[in-house]
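J.: return a 3D structure for these sequence lines:
(chains A, B, C and D)
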There are 2 protein chains.
Amino acid sequence: MHKTISIVEDNALFQQALVDVIRSDRAFALGEVYGSAEAAMDMLKNPPDIAIVDINLPGKSGIELIAQLQANAAIQCLVCSLHDDDDHIMRALESGAVGYILKDSTVGQISNALHELVKGGAPMSPYIANRVISFFRKPKIREESALLSVREREVLQLLAKGLQYKEIADQLFLSTETVKKHMKNIYQKLHVQNKVEAINKFRFM
Amino acid sequence: MHKTISIVEDNALFQQALVDVIRSDRAFALGEVYGSAEAAMDMLKNPPDIAIVDINLPGKSGIELIAQLQANAAIQCLVCSLHDDDDHIMRALESGAVGYILKDSTVGQISNALHELVKGGAPMSPYIANRVISFFRKPKIREESALLSVREREVLQLLAKGLQYKEIADQLFLSTETVKKHMKNIYQKLHVQNKVEAINKFRFM
DNA sequence: CATACCGTCGCAGGAAAGTGCGATTGAAAA
DNA sequence: TTTTCAATCGCACTTTCCTGCGACGGTATG
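T.: Residues are numbered from 1 along each chain as shown, chains lettered A, B, ... in the order given. Model prediction:
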């Protein structure tokens, strides 16, 4: 329960601040401190429990680092970055980060984040959490989806799985002609010309 | 800055607990308290700033309620539920919830969540935050994507947008025959038989 | 140097998708 | 009751997709 925490951060001041946070908390042990992603790959030799990773590093980015660490060890990576744009957030989470805090966080907030992490949480700065949640929010194109009948949605559902007309027909006990008819109506209602476009629209409803 | 908070919760004990949390905090004003989603639709007449919504309600579910509230007012909905499965989490966030806490939260945690909400955050219980973040994590089927050449990925990219062979060919300055050839190779490498299946695999890489 | 692989292109033939036109039933709405 | 509309089915026709087979130049790998 004494968690080792390593740091990957090129800015000396911030590096020191993080070191202080960890040193001042007896629940944590300070691991290694690196100034670049390349150097940080060394942590695979003796993996810490947690790594605090900056994104903007000289050379290889923190996001790539996280992806590579994830592929080779079970290190919980907490992003600590200036970047608060959707693209960076997405890419960091995709590559396996389990938390994302901004650099304007107070010492107390960083400490809290680390404790949340060991509790199995996924600490995020308020703004980040809000962005993350907003990714899930469905755009209200419900008007369009409301246009589709229940049957049409069933067909579209199966279509999106990659089934072809014959297979859909069999599964729904229809003639393939009926499936074609449904598709024709769907295309009209969604203003599209083919399967793939219909599926793409369907994904957002 | 005096935020009104309404409650939608059928369990009397829990309802009271929430009321107490709000009453004991001078930053908040207690709005209405409802025992069902149907009754809670009344809050549209005089919308509170925040609504704490249970999912498991008699009759209409809290998720539907949130969706309908979102469509008609700017109420920040905080889910407070027993359910911690991915399906409920997803659906709640899709319908517009801005936070999701579990019922095993302490009074202090609930209070914190409310304060996070007004700060523009998206409060989540640690476990929930972890699940939410894990939705983003890319399954490491990178081996398969590595099989695809750069050109093949370009083609697949355009295909996923709904373009057809002719259009892809034009855009990449190729003959449609070449596009066909690429597709054939892609199908082989991904072990699929048609466009839609290829796109589906591609989305996870 | 040989082999392998990528990217380019072509043709033939069959399978699937998409369009146009039309039809029947049944249920719901006007 | 008439109208409307979802759901079902059919046929003819065009377009697109998919497969199989083959080809050529370039690059990299051995």
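J.: every contact and neighbour count from this point should use C-alpha atoms.
T.: Fine.
J.: after the lowest-mean-pLDDT helix or strand in chain A, next one along is what?
T.: Within chain A, no helix or strand scores below helix A:142-147, which has a mean of 62 by mean pLDDT, DSSP states H and E. For helix A:142-147, the following helix or strand on the C-terminal side (DSSP states H and E) is helix A:150-160.
J.: which elements pack onto the following helix or strand past that next one?
T.: Using DSSP H and E, the helix or strand that follows helix A:150-160 in sequence is helix A:165-172. Packing partners of helix A:165-172 (3 or more C-alpha pairs under 8 Å, 6 or more residues apart in numbering or on different chains; DSSP states H and E): helix A:150-160, helix A:176-190.
J.: relative to helix A:176-190, how tilted is the first one?
T.: Which is helix A:150-160. 100 degrees (axes from the mean of the first three to the mean of the last three C-alpha atoms, to 10 degrees).
J.: what sits up against helix A:150-160?
T.: A:165, A:168, A:179, A:182, A:183, A:186, A:195, A:198, A:199, A:202, B:196 (C-alpha atoms under 8 Å, 6 or more residues apart in numbering or on different chains).
J.: tell me which of these has the lowest pLDDT.
T.: Among these, residue A:202 carries the weakest pLDDT, at 86.
J.: just the CA trace of the one helix or strand that one maps to, in CSV.
T.: Assessed by DSSP H and E, residue A:202 sits inside helix A:195-203. What follows is helix A:195-203, C-alpha atoms only, in CSV (Å, rounded to 0.1, in the frame of the first residue of the first chain):
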residue,chain,number,x,y,z
LYS,A,195,-25.3,2.0,-46.6
VAL,A,196,-22.2,3.5,-45.2
GLU,A,197,-23.7,7.0,-45.0
ALA,A,198,-26.8,5.7,-43.4
ILE,A,199,-24.8,3.9,-40.8
ASN,A,200,-22.8,7.0,-40.1
LYS,A,201,-25.9,9.0,-39.5
PHE,A,202,-27.4,6.2,-37.4
ARG,A,203,-24.4,6.2,-35.1
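J.: format the helices and strands packed on helix A:165-172 as JSON lines; extra columns: distance to DNA strand D and mean neighbour count.
T.: Listed next are the helices and strands packed on helix A:165-172 as JSON lines, based on distance: least, C-alpha to the nearest atom of the strand, whole Å; neighbours: other C-alpha atoms under 10 Å in any protein chain shown:
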{"stretch": "helix A:150-160", "distance to DNA strand D": "4", "mean neighbour count": "17"}
{"stretch": "helix A:176-190", "distance to DNA strand D": "4", "mean neighbour count": "16"}
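J.: which residues touch the residue in chain A positioned nearest to DNA strand D?
T.: Across chain A, the shortest distance to DNA strand D (C-alpha to the nearest atom of the strand) belongs to residue A:174, at 3.2 Å. Contacts for residue A:174 (C-alpha under 8 Å, 6+ apart) come out as residue A:168.
J.: and what of the one 4 residues further on?
T.: If you count contacts by C-alpha under 8 Å, 6+ apart, residue A:178 has them with residue A:169.
J.: buried sites along stretch A:46-64?
T.: Buried positions in stretch A:46-64, judged by neighbour count with 16 or more other C-alpha atoms under 10 Å in any protein chain shown: A:47-57, A:61-64.
J.: of these, just say which sits nearest to DNA strand C.
T.: So of these, ranked by how close each gets to DNA strand C (C-alpha to the nearest atom of the strand), first place is residue A:64, at 22.8 Å.
J.: mind checking pLDDT for that closest one?
T.: Looking at residue A:64, the pLDDT reads 92.
J.: give me the phi and psi for it.
T.: phi -60, psi -40 (degrees, to the nearest 10).
J.: that one and residue A:97 touch, don't they?
T.: No - counting by C-alpha atoms under 8 Å, residue A:64 stays clear of residue A:97, with 10.8 Å between them.
J.: the residue nearest the centre of chain A: what secondary structure?
T.: Centroid check for chain A by C-alpha atoms, centre = their mean gives residue A:93 as the closest residue, at 3.2 Å. Look at residue A:93: counting by DSSP: H, G, I helix; E, B strand; the rest coil, its state is helix.
J.: contacting residues around it?
T.: Counted by C-alpha under 8 Å, 6+ apart, residue A:93 has contacts A:99, B:133, B:134, B:136, B:137.
J.: how far away is it from residue B:60?
T.: Distance of residue A:93 to residue B:60, given as C-alpha to C-alpha, to the nearest Å: 34 Å.
J.: cool, residue A:204 as well?
T.: 24 Å.
J.: and if you look at residue A:10?
T.: 53 Å.
J.: now do residue A:94
T.: Counting by C-alpha to C-alpha, the gap from residue A:94 to residue B:60 is 35 Å.
J.: same thing with residue A:196?
T.: For residue A:196 relative to residue B:60 (C-alpha to C-alpha), the value is 34 Å.
J.: and if you look at residue A:28?
T.: 47 Å.
J.: do the same with residue A:176
T.: 37 Å.
J.: and for residue A:202?
T.: Taking C-alpha to C-alpha, one finds residue A:202 at 25 Å from residue B:60.
J.: my guess is residue A:2 meets residue A:30, correct?
T.: No - applying C-alpha under 8 Å as the test, residue A:2 and residue A:30 come out as separate, 10.1 Å apart.
J.: okay, the two: which has more neighbours?
T.: In this view residue A:2 and residue A:30 are compared by other C-alpha atoms under 10 Å in any protein chain shown, and residue A:30 has more residues nearby, 19 against 9.
J.: what about that one, which SS state?
T.: strand.
J.: next: the one 3 residues further on.
T.: Reducing the assignment at residue A:33 to three states with three-state DSSP gives strand.
J.: what's around it, how many residues?
T.: Neighbours around residue A:33, by other C-alpha under 10 Å: 21.
J.: quick check: beta-bridge partners of it?
T.: residue A:7 (DSSP bridges).
J.: local confidence estimate at it?
T.: pLDDT, residue A:33: 97.
J.: and the one 3 residues further on, by the same measure?
T.: The predicted structure scores residue A:36 at 94 on the pLDDT scale.
J.: got the phi and psi for it?
T.: According to degrees, to the nearest 10, residue A:36 has phi -150, psi 160.
J.: close enough to count as contact, it and residue A:54?
T.: No - using C-alpha under 8 Å, residue A:36 is not in contact with residue A:54, being 9.2 Å away.
J.: what do the two both touch?
T.: A:8, A:9, A:10.
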